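> Mind folding the following:
(2 chains)
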Amino acid sequence: YPPLTTIPPPAKYGGRHTVTLIPGDGIGPELLTHVRELFRFCCVPVDFEIVSIDSKSTSDDDMNNAITAIRRNGVALKGNIETNHNLPPSHISRNNILRTSLDLYANVIHCQTLPGVRTRHRDVDIIIIRENTEGEYSSLEHENVPGVVECLKIITRKKSLRIAEYAFNAARQNGRRRVTAVHKANIMKLGDGLFLQCCKEVAAGYPEITFDSMIVDNTTMQLVSKPQQFDVMVMPNLYGSVISNVCAGLVGGPGLVPGANYGKDYAVFETATRNTGKSIANKNIANPTATLLASCLMLDHLRLHGYASMIRKAILATVSETRLHTADLGGQGTTSEVVQSVMREIESKGPRTSEQI
Amino acid sequence: MAASSAALSLPKVFRPVLGLGRSGNPAKVWAAAASCRREKSTFVGRIIPPPAKYGGRHTVTLIPGDGIGPELLNHVRELFRFSCVPVDFEVVNVNSSVATEDDIHNAITAIRRNGVALKGNIETNHNMPPSHKSRNNLLRTSLDLFANMMHCQSLPGVQTRHKNIDIIIIRENTEGEYSSLEHESVSGVVESLKIITRYNSLRIADYAFRLAREKGRRRVTAVHKANIMKLADGLFLQCCKEVASGYPDIQFDSMIVDNTTMQLVSKPHQFDVMVMPNLYGNVVSNVCAGLVGGPGLVPGANYGTNYAVFETATRNTGKSIADKNIANPTAMLLASCLMLDHLRLHDYANMIRGAVLTTMNETRLHTADIGGQGTTSEVVQSVMKNIQSGRCKN
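Numbers count the residues shown, from 1 in each chain, chains lettered A, B, ... in the order given. Model prediction:
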């Protein structure tokens, strides 16, 4: 997946990388424990620095610690941190703070139908690139008159150019033919109009890639009927949230798709749809595929491609076995069974020689 | 059956409770709420006044719009003439390429006069400066058509990936992200305002719960993004909860919009009635339209306290298929049936609706958007034939 050429090469000491691990809430801790188990089993040269965040406390210390740790290590793997709705609006979503402080401006989600998972649509292969720091998620709201709330959606030229540049660069690197910008410029003429204009300007510099645009409501309708027409999509923050969830639903659900957040200097990996999964926490029924694939994305980012493809192949082989499917895919398997199967797959391929690494 | 009876014509059992705005006591919900609210409740129990009839005939404003609008509305007029429906159309053209707002204001005056309208979508020219507002938006806000109702049902005879879907979507139609309030204080930085008010949120929530009760629905789901937009969507959610407490027979829950769209794509049968602010309504209604077969099948209605405007649910202009006789007329025909229900011409509405659904069953008449090769005129002819044969039976 497209590494940004501007991120400095990951630091290695004694041949081992250090990665920040944020367990989060809900199913995060148990799934990340499985990731660590798997990495230890495969002898992946990665050490995890665990930083816990207590989502119930109102102080910012936990978050600052986590952000400092990520700045130090450069890479992180995280579970979703729950946002308590009962706290006052000044308590901003922790995940949002993390993304904006580290300026992780590009959220990349690659939705592909996996073999062995039965879905209503076949051959879906869409890369979604979502602006991650501005747009509707500015958390700038105020109530000047009681009963009337104004919520600001911010679109800037600089960030729109940046995300468009990232999208076209990623498309070129992955050999993709078409980039579609998703917007609502017929209503939000200035805001989304600026976004669209920035995309057009960047598109002019990539003549081999077709650029078109589509209004978000038409896009969601097309996704539900003919998702095969889409290739790479770029969009502001809120539309990205909706469309990435629609695409995740199309390929089989929130348990299958990994997501990556890239910034200029840092990268954070998590599941694409950012669910806490509170209702299924600690019941051994969560689908670990998304988190495991996210850890593979992380290994690719650290240039440990051998380990990444080894684990990814094992995961795909496990997912094609229907009897191991977890409840969200319609089966009755447990999380530990899936992880055991992945480990067995890796073991059956034999010890790795130095050429493979 | 696609039974969308006029949403605001309340059955008799409710009239003594809610009153008709002239006298009588407001419903218990509002008695409690009105005492603690400072705003006047002008929408309590006031239903759209009975449609005006002169000589037994109704006059309805017709706005052809752009793209496929004109040809489909011609078919509607043809069909009404064939079925002897007592409706006269007052046609008002709106030219979308001029910058003056005279055309749209003429249309609005005509709708105020007649009370009811049937319209095609008016194109918004993107090359005009931002001061040139979307004509459709202007119409909705001037007439205060605060509720957009869309009933998505799987039609028998149309093959879709999901079967037996039956979702009512109620979307706030006048505020939210569609306020058209944007400014560029610093060059390269645009601020776009999303407005949520207590008054409008209470109004749309009340509309949703009353509709759910009227149609015997069990569950209302509010769609929001209050984890990020805590004040704005938080206010909307709170208003929905307040109104929900006055309807103990209806279950109320809420869901974040991204989770909602994912659930819609995998398990749409869990949804019953959904209420939401403007932008989420746009996205969710398009997803649902896609689930039941596409933009050519679903009609939509915009209701206000005094006016009602009917159109297709997904508001497409269909420029690329205009005047080619391949557009699907079903959505527009069903929208005209909704209009007939609103005018209390239920017999005509049921007759035309039955004929349209019978036509839908015939796969060889399906138009290109649902995978067939039929033409628009073939579909309309078939509807007329079904009406004629139905009439002969009586």
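> Low-confidence ranges, chain A, go.
A:1-11, A:351-357 (pLDDT under 70).
> In three-state terms, how would the residue nearest to the spatial centre of it be classified?
Geometric centre of chain A, nearest residue: residue A:259, 1.7 Å, by CA atoms, centre = their mean. The three-state label given to residue A:259 by DSSP: H, G, I helix; E, B strand; the rest coil is strand.
> what do you get for residue A:223?
helix.
> and the closest residue to it other than its chain neighbours, what does it touch?
Distance criterion CB to CB, 6 or more residues apart in numbering or on different chains; nearest residue to residue A:223, sequence neighbours excluded, is residue A:246 at 5.2 Å. Using the backbone N, CA and C atoms, a C-beta is placed for each residue, glycine as well. Neighbour list for residue A:246: A:220, A:223-224, B:261-262, B:264-265, B:287 [criterion: CB atoms under 8 Å, 6 or more residues apart in numbering or on different chains].
> which residues of the stretch 201-350 of chain A fall in helices?
A:216-225, A:237-251, A:289-301, A:305-319, A:335-348 (DSSP state H, counting those that start in this stretch).
> List buried residues within the contacts of residue A:246.
A:220, A:223-224, B:261-262, B:264-265, B:287 (16 or more other CB atoms under 10 Å in any protein chain shown).
> Find the nearest non-adjacent residue to the residue in the stretch 251-357 of chain A positioned nearest to chain B, please.
The nearest approach of the stretch 251-357 of chain A to chain B comes at residue A:253, 6.2 Å away (CB to the nearest CB). Leaving out its chain neighbours, the residue that sits closest to residue A:253 by CB to CB, 6+ apart is residue A:328, at 5.0 Å.
> how many neighbours does the one you found have?
18 (other CB atoms under 10 Å in any protein chain shown).
> likewise the one 10 residues further on?
By other CB under 10 Å, 24 other residues sit near residue A:338.
> Tell me if I'm right that it and residue A:321 touch.
No - counting by CB atoms under 8 Å, residue A:338 stays clear of residue A:321, with 9.3 Å between them.
> can I get the contacts of residue A:246 in JSON lines with distance to residue B:210?
Below are those laid out as JSON lines (distance: CB to CB, whole Å):
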{"residue": "A:220", "distance to residue B:210": "28"}
{"residue": "A:223", "distance to residue B:210": "33"}
{"residue": "A:224", "distance to residue B:210": "30"}
{"residue": "B:261", "distance to residue B:210": "26"}
{"residue": "B:262", "distance to residue B:210": "29"}
{"residue": "B:264", "distance to residue B:210": "24"}
{"residue": "B:265", "distance to residue B:210": "29"}
{"residue": "B:287", "distance to residue B:210": "25"}
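> Just give me the closest of those to residue A:60.
residue B:262 (31.0 Å; CB to CB).
> just to revisit the earlier point, enumerate every residue touching the residue nearest to the centre of chain A.
Contacts of residue A:259 (CB under 8 Å, 6+ apart): A:107-109, A:244, A:269-274, A:294.
> what's the burial count for the closest residue to it other than its chain neighbours?
Among residues not flanking residue A:259 along the chain, residue A:272 sits closest, at 3.5 Å (CB to CB, 6+ apart). Residues contacting residue A:272 under the criterion other CB under 10 Å number 26.
> List the residues that contact residue A:272.
Contacts of residue A:272 by CB under 8 Å, 6+ apart are A:109, A:111, A:244, A:248, A:254, A:257-259, A:290.
> what bridges to residue 182?
No chain specified, so I'll use chain A. residue A:214 (DSSP bridges).
> I was thinking of chain B, sorry if that wasn't clear
residue B:192.
> That one and residue B:133 touch, don't they?
No - under the criterion of CB under 8 Å, residue B:182 is not in contact with residue B:133, lying 11.0 Å apart.
> Show me which of the two is the more surrounded one.
residue B:182 (20 against 17).
> what's the distance between that one and residue B:126?
14 Å (CB to CB, to the nearest Å).
> How about residue A:42?
53 Å.
> So for the two, which residue has more residues nearby?
residue A:42 (19 against 12).
> Verify the stated contact: residue B:367 with residue B:325.
No - Residue B:367 is beyond contact range of residue B:325, at 9.3 Å (criterion: CB under 8 Å).
> residues touching the nearest residue to residue B:188 once chain neighbours are set aside, list them.
Distances taken as CB to CB, 6+ apart place residue A:157 nearest to residue B:188, at 3.5 Å, with adjacent residues excluded. Neighbour list for residue A:157: A:194, A:198, B:187-189 [criterion: CB under 8 Å, 6+ apart].
> Repeat that for residue B:97.
Per CB under 8 Å, 6+ apart, neighbours of residue B:97: residue B:125.
> For my notes, confirm it occurs in a strand.
No - Residue B:97 is assigned coil when assessed by three-state DSSP, not a strand.
> May I have the phi/psi pair for it?
Torsion angles at residue B:97 (phi, psi; degrees, to the nearest 10) stand at phi -90, psi -10.
> Then residue A:151?
Dihedral angles (degrees, to the nearest 10) for residue A:151: phi -120, psi 120.
> Next one: it from chain B, what distance?
Counting by CB to the nearest CB, to the nearest Å, the gap from residue A:151 to chain B is 4 Å.
> just residue A:214 next, same as before
For residue A:214, the distance to chain B - CB to the nearest CB - is 11 Å.
> just residue A:46 next, same as before
Distance from residue A:46 to chain B, by CB to the nearest CB: 30 Å.
> My guess is that residue contacts residue A:20. True?
No - using CB under 8 Å, residue A:46 is not in contact with residue A:20; the gap is 11.1 Å.
> re the thing from before, show me the contacts of residue A:259 that map onto strands.
Mapping the contacts of residue A:259 onto strands (DSSP state E) picks out A:107-109, A:269-271.
> Kindly indicate which of the residues you listed lies nearest residue B:378.
residue A:109 (43.0 Å).
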